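Peer 1: Pasting the sequence and the predicted coordinates here, then a few questions.
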Amino acid sequence: MNLQQLYGVLLAGGVVLLAGIAAVRTAGRLGLPSLLLFLALGVLLGEDALGIDFDDAQLAQTLGTSALAIILIEGGLSTRWADIRRLLLPSSLLATVGVAISVGLTAAGAHLLLGMNWQLALLLGAIVSSTDAAAVFSVLRALPLPRRMAGMVEAESGFNDAPTVILVLVFSTATADLPDPGVIAGQIAYQLVAGTVVGLLVGWAGTAALRYVALPATGLYPLATVGLGVIAFAAAGAANASGFMAAYLAGIVLGNAVLPHRVATRSFAEGIGWLAQIGLFVMLGLLVDPSELAGALLPATVIGLVLLLVARPVSVAACLTPFRAGWREQAFISWAGLRGAVPIVLATYPIVAAVPGSGQLLNIVFVLVVIFTLVQGPTLPALARLLHVTQPGQTREASIEAAPLDTLDADLLTLTIPPGSRLHGVEVFELRLPAPANVTLIIRDGDTVVPQPDTRLREGDDVLVVATSATRAHVERRLRAVGRQGRLAHWYGERGDPDQEPSHVTLPEGDTEPWTSRTAPSRRSAPSTTATPGEETTSPSSSPATAPVPSSSTTEPTPTLRRTP
């Protein structure tokens, strides 16, 4: 490639990137998943439209797998461990047993209804049984869902790529009789366990290194973090383990560790995640031949209906009923099993393996993803409201960033107060931060404010707090608590724990609390008569019957407060 050709490639790439970014904005306004417009952009650039000829399935598989690794790393970095740690067992069952049930039922439907041979039917079932992390993350995180439900679907989408990849590889390489189910189960178990070990080891080692070494520039922390996720993916793959599992788990460990510049790292990872999504979907749109898609419309619709109305609900019910998940939650999780790039990338594996009829599978999968993303994605918000599984007005967590102050063994925390946070209107002294933590500066509407004890915080403020390493965890808990329940957070029983729901959720009548037994404490519980350092106190004689009641002129009870030294 000479210099002029390089200019042409970069110009085309930049135009496609900007068109993809514009597609994200357009999709948001239309209420559509952005992946559909990315795919449409790729089809438009293809040989049947603008004339770009791309049919290299091997290259598509290589680039697609790399892009999926980046997307999973970003998904892990943005996943809160507190949201999924008590959901590991049910989400793991969905990603393994649930996938097996879904593959079996979908394959049976393809064999009986479409007359496919068993190898192609099992391949199709394995390809479409994986939910797509990029699609799930982009749609669900815009809905005010309870954390346990959103965490369940997100964890499943991160975990189930590995088993489906293994199944697709096994069925693609089977030349005569299919392997013994015990052999398949053994391969899946080894790859998942080994991938888990590699991901956790790389995540923990990377966390220790980033804590020990102070890098000279802020921008190096995001690069190092994403680089560690790539190392986990590649190391697991080299050990014949699941690279997808390793990448996702390494991302979770790094994203939830107390590291400098966490918000900057997540912003960087989100950016390259979007870049990977845009490039991946455009490439997959280029790969298909639009003139051949009409013949795949009927089989794609049939298999999609079997998957959506039979295989997915049965697998969800089988895995979640033992955990007392109500039927409303099961119905929503069944409908939220979105498909996206993963099935289309997996459809290239049998093509590379030269499985007879595999070209037909790619067209069927492509049409299925487009049709059922159009059906499921835009209807999820309405379905969530219909099933009463949303939390309208859910309080957004305040964002806390950190930069190291090596000479003081302290951190500079940046607290961003989002709309709706109960930090709005709280005076600085009412934060009750433990000594020697201190609010040093407030950035408000582009101006700096040197805070006084009676300075009131406002929505949109960036608050700078200096905290020593010994008090940092306490400071973060206190700031989260006040952001959730206001200045009387301790009186209401809010401690700012990362895994505590920000507000009490009333489940629909007839449903029980699934997967977790811990809920936010009632506001009518008796106040504590003792306070941890930095918290407000109440009179020992206070009780639920005699607790202060808001007057008509105030919005909060007046507590007995004390300043920290």
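Peer 2: Done, it's in.

Peer 1: and residue 155, what does it touch?
Peer 2: Residues in contact with residue 155 (C-beta atoms under 8 Å, 6 or more residues apart in numbering) are 79, 84, 87, 88, 91, 95. Bear in mind the C-beta positions are built from the backbone N, C-alpha and C, glycine included.

Peer 1: Can you give me the pLDDT of the third one?
Peer 2: Residue 87 is assigned a pLDDT of 78 by the prediction.

Peer 1: That one against residue 149, yeah?
Peer 2: No. Between residue 87 and residue 149 there is no contact under C-beta atoms under 8 Å: 9.2 Å.

Peer 1: coming back round to it: apply the buried test to the contacts of residue 155 and list what passes.
Peer 2: If you count burial by 16 or more other C-beta atoms under 10 Å, the buried members of these come out as 79, 84, 87, 91, 95.

Peer 1: Give me the secondary structure label for the closest residue to the first one other than its chain neighbours.
Peer 2: This means residue 79. Leaving aside its chain neighbours, residue 79 sits nearest to residue 252 (5.5 Å; criterion: C-beta to C-beta, 6 or more residues apart in numbering). Secondary structure for residue 252, judged by DSSP: H, G, I helix; E, B strand; the rest coil, is helix.

Peer 1: count of residues packed around residue 252?
Peer 2: For residue 252, the count of nearby residues is 26 (other C-beta atoms under 10 Å).

Peer 1: returning to that earlier point: got TSV for the buried ones among the contacts of residue 155, with secondary structure too?
Peer 2: Listed next are the buried ones among the contacts of residue 155 as TSV, based on three-state DSSP:
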residue	secondary structure
79	coil
84	helix
87	helix
91	helix
95	helix
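
Peer 1: and the two most separated of the residues you listed?
Peer 2: 79 and 95 (14.1 Å; C-beta to C-beta).

Peer 1: which regions of this structure sit below the pLDDT cut-off?
Peer 2: Along the chain, segments meeting pLDDT under 70 span 1, 27-33, 47-49, 51, 83, 133-144, 147, 174-179, 391-409, 498-565.

Peer 1: which helix is the longest one in it?
Peer 2: Secondary structure of the chain per DSSP state H: the longest helix is helix 181-212.

Peer 1: Am I right that residue 145 falls within a strand?
Peer 2: No. Under three-state DSSP, residue 145 sits outside any strand and is assigned coil.

Peer 1: Name the nearest residue to it, ignoring sequence neighbours.
Peer 2: Leaving aside its sequence neighbours, residue 145 sits nearest to residue 390 (C-beta to C-beta, 6+ apart; 6.1 Å).

Peer 1: Any buried residues in stretch 358-367, and which?
Peer 2: Neighbour-count burial for stretch 358-367, counted by 16+ other C-beta under 10 Å, picks out 358, 360, 361, 362, 363, 364, 365, 366, 367.

Peer 1: Other residues contacting it?
Peer 2: Residues outside stretch 358-367 that contact it (C-beta under 8 Å, 6+ apart) are 39, 120, 123-124, 127-128, 284, 287-289, 292-293, 295-297, 299-301, 303, 343-344, 346-348, 350-351.

Peer 1: please redo it, this time with the cut-off set to 6 Å
Peer 2: The contact list for stretch 358-367 (C-beta atoms under 6 Å, 6 or more residues apart in numbering) reads 124, 127, 288, 292-293, 296-297, 299-300, 343-344, 347, 350-351.

Peer 1: What is the helix or strand containing residue 11 packed up against?
Peer 2: Applying DSSP states H and E as the criterion places residue 11 in helix 3-30. Applying 3 or more C-beta pairs under 6 Å, 6 or more residues apart in numbering; DSSP states H and E, we find helix 3-30 packed against helix 34-45.

Peer 1: Can you list the neighbours in contact with the helix it packs on?
Peer 2: For helix 34-45, the external contacting residues (C-beta under 6 Å, 6+ apart) are 19-20, 23-24, 27, 52, 278, 281-282, 285-286, 290, 340, 373.

Peer 1: That helix: which residues count as buried?
Peer 2: 34, 35, 36, 37, 38, 39, 41, 42, 43, 44, 45.

Peer 1: Relative to residue 186, which of these is nearest.
Peer 2: Set against residue 186, the nearest of those by C-beta to C-beta is residue 35 (34.6 Å).

Peer 1: For residue 463, see how far away residue 485 is.
Peer 2: Separation of residue 485 from residue 463 (C-beta to C-beta, to the nearest Å): 18 Å.

Peer 1: Between the two, point out the one with more neighbours.
Peer 2: Applying other C-beta under 10 Å to residue 485 and residue 463 shows that residue 463 carries more neighbours, namely 26 against 23.

Peer 1: still on that earlier bit, and the helix holding residue 11, which residues are buried?
Peer 2: So for helix 3-30, counting by 16+ other C-beta under 10 Å, buried means 16, 19, 20, 23, 24, 27.

Peer 1: With stretch 88-107 instead?
Peer 2: Buried residues in stretch 88-107, counted by 16+ other C-beta under 10 Å: 90-96, 98-107.

Peer 1: Span of that stretch from start to end?
Peer 2: Using C-alpha to C-alpha, to the nearest Å, one end of stretch 88-107 lies 27 Å from the other.

Peer 1: Outside of that stretch itself, list whatever touches it.
Peer 2: Stretch 88-107 has contacts (C-beta under 6 Å, 6+ apart) with 121-122, 125-126, 129, 152, 155-156, 159-160, 163, 306-307, 310-311, 315, 318-320, 323, 515.

Peer 1: next one: stretch 463-476
Peer 2: With C-beta under 6 Å, 6+ apart as the test, stretch 463-476 has contacts from 400, 409-415, 433-434, 437-442.
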